[in-house]
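*Asks:* quick one: sequence and predicted model below, then my questions.
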Amino acid sequence: MIEKKDIRAISKTQLREFFVSNGDKSFRGNQVYEWLWSKGAHSFEDMTNVSKETRTMLEANFVINHINVDTMQRSEDGTVKNAVRLHDGLVVESVLIPTNTRTTACVSSQVGCSLDCNFCATARLKRMRNLEPGEIYDQVLAIDNESKLYHNRPLSNIVFMGMGEPLMNYNNVIKAIDMITSNEGLGMSPKRIMVSTSGIPKMIKKMADDDVKFKLAVSLHSAIDEVRAKIMPFSSNFPLKDLRESLEYWYSKTKSKVSYEYVVWKGINDNKEAVAALVKFCKYVPCKVNLIEYNPIDDGEFQQASPEAVNLYISELQKVGIVVKVRRSRGKDIDAACGQLANKEA
């Protein structure tokens, strides 16, 4: 038995060619493509303006590997957490994060993660596979629908801060973003999309060379190599010198500021030396700093630092003109974990 191909893995041109080769008109490919993306069809039977004969032919040749929101939890603060079941039974998470002025989707790019950040719940899961472009897109579409349903407005922003390291699934993430920003997809501005990486210099340079239009965030957490390697052991392969060089390259090519995601942990990076190192690192490229409130994943060494330690970071960064914001945890009553940092506000 021949395994059917996921129809969303082929381009519009290939879809048009499929119909021509099967004795139909090429415009039929346009119709089906619209159903697959902008209308989010879950089955060929959903395609009501396509003939029964055509739908049967599609069913014989293709599948639509759509997602299903397995369970959905709603927080008192309006946050929505989705457990998303994929076609092969694996599960990832995505989160809808509302504020007074916007709603943000936090989406996953991998099932599990191959990195070893010690503070991260996802890092404890073995990386099973990369998500396909359609699976990433579907997470966004589901949250867009939830935003309209629960908050009476469409989705306004997207952050790739869920499960996985986006730059280790680069091609599929880029394809998903291309469709999200396409008029044939959701038509969102790339300026409203942020991709967060743990810091892979080679891939940051590639993004710059590819002239991407979305924003870049880096999970930094320390500007001291030895400390950062304890927090994120894999980073010993990517010293801060290399990361700095790649970010300077990124800015020289894109003129786009970098956002640093930074958690202050008790007894780890809550001292004056750590603050001074971050202030120095922030001077290399135009940037802003998001200080993240941390939700402990156990009773281990990673615990939220004192308000005084966080305030020291704020005051020292502001002294040199660095924009700094404190991001409070959202959805605490439903444990709305969202990837690398457990909870994020976009």
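*Replies:* Everything's here; your move.
*Asks:* pLDDT wise, what is the residue nearest to the spatial centre of the chain at?
*Replies:* Centrality entry for the chain: nearest residue to the mean C-alpha point is Phe160, 1.1 Å, by C-alpha atoms, centre = their mean. On the pLDDT scale, Phe160 is placed at 97.
*Asks:* contacting residues around it?
*Replies:* Contacts of Phe160 were listed using C-beta atoms under 8 Å, 6 or more residues apart in numbering, and they are 107, 109, 166, 173, 193-196. All C-beta spots, glycine's among them, are computed from the backbone N, C-alpha and C.
*Asks:* most neighbours, which of those?
*Replies:* With neighbours taken as other C-beta atoms under 10 Å, the top of the contacts of Phe160 is Val107, carrying 34 neighbours.
*Asks:* does that residue touch Ile136 like I think?
*Replies:* Yes. Taking C-beta atoms under 8 Å as the definition, Val107 is a contact partner of Ile136 at 6.2 Å.
*Asks:* now do stretch 131-146: everything it contacts.
*Replies:* When contacts are defined by C-beta under 8 Å, 6+ apart, stretch 131-146 is touched by residues 6, 8-9, 37, 40, 65-67, 69, 72, 80, 82, 84, 86, 92, 94-96, 103, 105, 107-111, 154-155, 158, 162, 164, 169, 172-173, 175-176, 179-180, 185-186.
*Asks:* just the buried ones from these, in ChimeraX syntax?
*Replies:* The ChimeraX command for the buried members of those (criterion: 16 or more other C-beta atoms under 10 Å) is given here:
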select :6,8,37,40,65,66,67,69,80,82,84,86,92,94,95,96,103,105,107,108,109,110,111,155,158,162,164,169,172,173,175,176,179,180,185,186
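*Asks:* cross the contacts of stretch 131-146 against helices and list the overlap.
*Replies:* Among the contacts of stretch 131-146, the ones falling in helices (DSSP state H) are 172-173, 175-176, 179-180.
*Asks:* which parts of whatever helix or strand Lys253 lives in are buried?
*Replies:* According to DSSP states H and E, Lys253 maps onto helix 240-254. Applying a neighbour-count criterion of 16+ other C-beta under 10 Å, the buried positions in helix 240-254 are 240, 242-243, 246-247, 249-251, 254.
*Asks:* pull up the pairing partners for the next helix or strand after it, direction included.
*Replies:* Secondary structure here is assigned by DSSP H and E; on that basis, the next helix or strand after helix 240-254 toward the C-terminus is strand 258-263. Partner strands and pairing direction for strand 258-263 (DSSP bridges) are strand 215-219 (parallel), strand 287-292 (parallel).
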